[in-house]
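Colleague: Give the three-dimensional model of this entry:
(3 chains)
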Amino acid sequence: MRNSPSQTAETRAQTGETRASAHSAWGVLVSEVMLQQTPVARVEPVWRAWIDRWPTPAALAAASPAQVIRAWGRLGYPRRALRLHAAAAAIVERHGGVVPDDIESLRALPGIGEYTAGAVIAFAFGRPALALDTNVRRVLARHDAGRARPPGSVTAGERERALEFLPTGVDGATWMAAIMELGALVCTARSPRCEVCPIAAGCRWRASGYPEAEKAARRQPRYTGSDRQARGAILAILRDCAGPVTGRRIEMSWPDAVQRDRALDSLVADGLVEPLPRGRYGLPASASPHG
DNA sequence: GAGCCGTGGCT
DNA sequence: TAGCCAAGGCT
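Modeller: Prediction:
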């Protein structure tokens, strides 16, 4: 589960951080990308170090992929780090180094989808925008549609209904943050705390006796023994070594040769690993054409 | 639209 | 302990 960005933003503001922190669009953008699949507790220290080191898009754009991948650490899904790096370069090239404040330009950046673009508009620029993360969608599904869970992917109907609730004025961003927080802390997936929910009285799911979801949620594939774990093991070696490593060192990182080669090839294809002369491998010293 | 993409905490 | 869970973007 993730906490709401607004909560962490307020916390950071209270600790006295200023430029390039949560209040800057860059700080919000970085935090939202990091929070896409990673709990706030793990993001926080990495985000702080990241913003200290690269306080502007231009600063990040000037870094090497190797630096970026190492700074990402163990947040997971390291392709996000490369996308953030590429987004920084695009912000420099297309927008003079200034984070754009319109949905279309944001969505055109690598790694910025519908949710993150809306979150940046709302939480960085304070304008009403839909940021339909899973928590918000769950609150609306329950309260408005009377269902236990939202559909598998965001539907036009969800957007329309959410827009009907979204305040059009300066309260829009606050409302978005409030619903997000409600979903993260109260209207949770497994154990909703309806007794403390401020909108329980109008909740259709509650009124109809908490009907179960029609379809079972898709089960998550095993991680142990997966290609993802193999990729993680290989990348961990490269992250933790100061420079290139031998092919032998890669071989020791994962026992199954077929799976190891497949994982290594995919890491190279993703631009996360660079094959070097004499059978060695390293983190990329310069951006790959793959992004 | 289904499947892929890490990691770590919780049970 | 092994399995479950979180969950946005991209292909």
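Colleague: Looking at the stretch 151-291 of chain A, which residue is nearest DNA strand B?
Modeller: Closest to DNA strand B within the stretch 151-291 of chain A is residue A:232: 1.9 Å, counting by CB to the nearest atom of the strand. Every residue, glycine included, has its C-beta placed from N, CA and C.
Colleague: Need the pLDDT of that residue.
Modeller: pLDDT, residue A:232: 97.
Colleague: again, but for residue A:131
Modeller: The per-residue pLDDT reported for residue A:131 equals 97.
Colleague: Over to residue A:23?
Modeller: pLDDT at residue A:23 comes out at 62.
Colleague: Equivalent analysis for residue A:288, please.
Modeller: For residue A:288, the model assigns a pLDDT of 76.
Colleague: hang on, the earlier thing: how close does the residue of the stretch 151-291 of chain A closest to DNA strand B get to DNA strand C?
Modeller: Using CB to the nearest atom of the strand, to the nearest Å, residue A:232 is found at 12 Å from DNA strand C.
Colleague: Just want to check the distance between that residue and residue A:246.
Modeller: Using CB to CB, to the nearest Å, residue A:232 is found at 20 Å from residue A:246.
Colleague: Compare neighbour counts for those two and give me the winner.
Modeller: Neighbours per residue (other CB atoms under 10 Å) separate residue A:232 from residue A:246, with residue A:232 holding more: 20 against 13.
Colleague: So that one, which state does it fall into?
Modeller: Assigned with DSSP: H, G, I helix; E, B strand; the rest coil, residue A:232 falls in the helix class.
Colleague: now do residue A:275
Modeller: Put simply, residue A:275 is strand when judged by three-state DSSP.
Colleague: Let me see the contact set for it.
Modeller: A:268, A:281 (CB atoms under 8 Å, 6 or more residues apart in numbering).
Colleague: Distance-wise, check residue A:286 relative to residue A:85.
Modeller: From residue A:286 to residue A:85 the distance is 11 Å (CB to CB).
Colleague: Between the two, point out the one with more neighbours.
Modeller: A side-by-side neighbour count of residue A:286 and residue A:85, using other CB under 10 Å, places residue A:85 first with 27 against 8.
Colleague: Now that one: closest residue in space, sequence neighbours ignored.
Modeller: Spatial nearest neighbour of residue A:85, chain neighbours left out: residue A:68 (4.7 Å); criterion: CB to CB, 6 or more residues apart in numbering.
Colleague: And the host helix or strand of the one you found, how far out from the chain middle?
Modeller: Using DSSP states H and E, residue A:68 sits in helix A:65-72. Centre-to-centre, helix A:65-72 and its host chain are 16 Å apart (CA atoms, centre = their mean, to the nearest Å).
Colleague: what does stretch A:226-237 give?
Modeller: Relative to its chain's centre, stretch A:226-237 lies at 20 Å (CA atoms, centre = their mean).
Colleague: Can you give me the buried ones in it?
Modeller: Residues of stretch A:226-237 classed as buried: A:228, A:230, A:231, A:232, A:233, A:234, A:235, A:237 (neighbour count, 16 or more other CB atoms under 10 Å).
Colleague: residues contacting the closest residue to the last one other than its chain neighbours?
Modeller: If I follow you right, that is residue A:237. Distances taken as CB to CB, 6+ apart put residue A:253 closest to residue A:237, at 4.9 Å, once the chain neighbours are dropped. By CB under 8 Å, 6+ apart, the residues touching residue A:253 are A:233, A:234, A:236, A:237, A:260.
Colleague: Now for the residues you listed: which two are most distant?
Modeller: Within the contacts of residue A:253, A:236 and A:260 form the most distant pair, 13.3 Å apart (CB to CB).
Colleague: coming back round to it: what sits in contact with each of residue A:286 and residue A:85?
Modeller: residue A:65.
Colleague: any idea how far residue A:269 lies from DNA strand C?
Modeller: Counting by CB to the nearest atom of the strand, the gap from residue A:269 to DNA strand C is 10 Å.
Colleague: any idea of the angle the strand or helix carrying residue A:29 forms with helix A:65-72?
Modeller: Using DSSP H and E, residue A:29 falls within helix A:25-34. If you take axes from the mean of the first three to the mean of the last three CA atoms, to 10 degrees, helix A:25-34 sits at 70 degrees to helix A:65-72.
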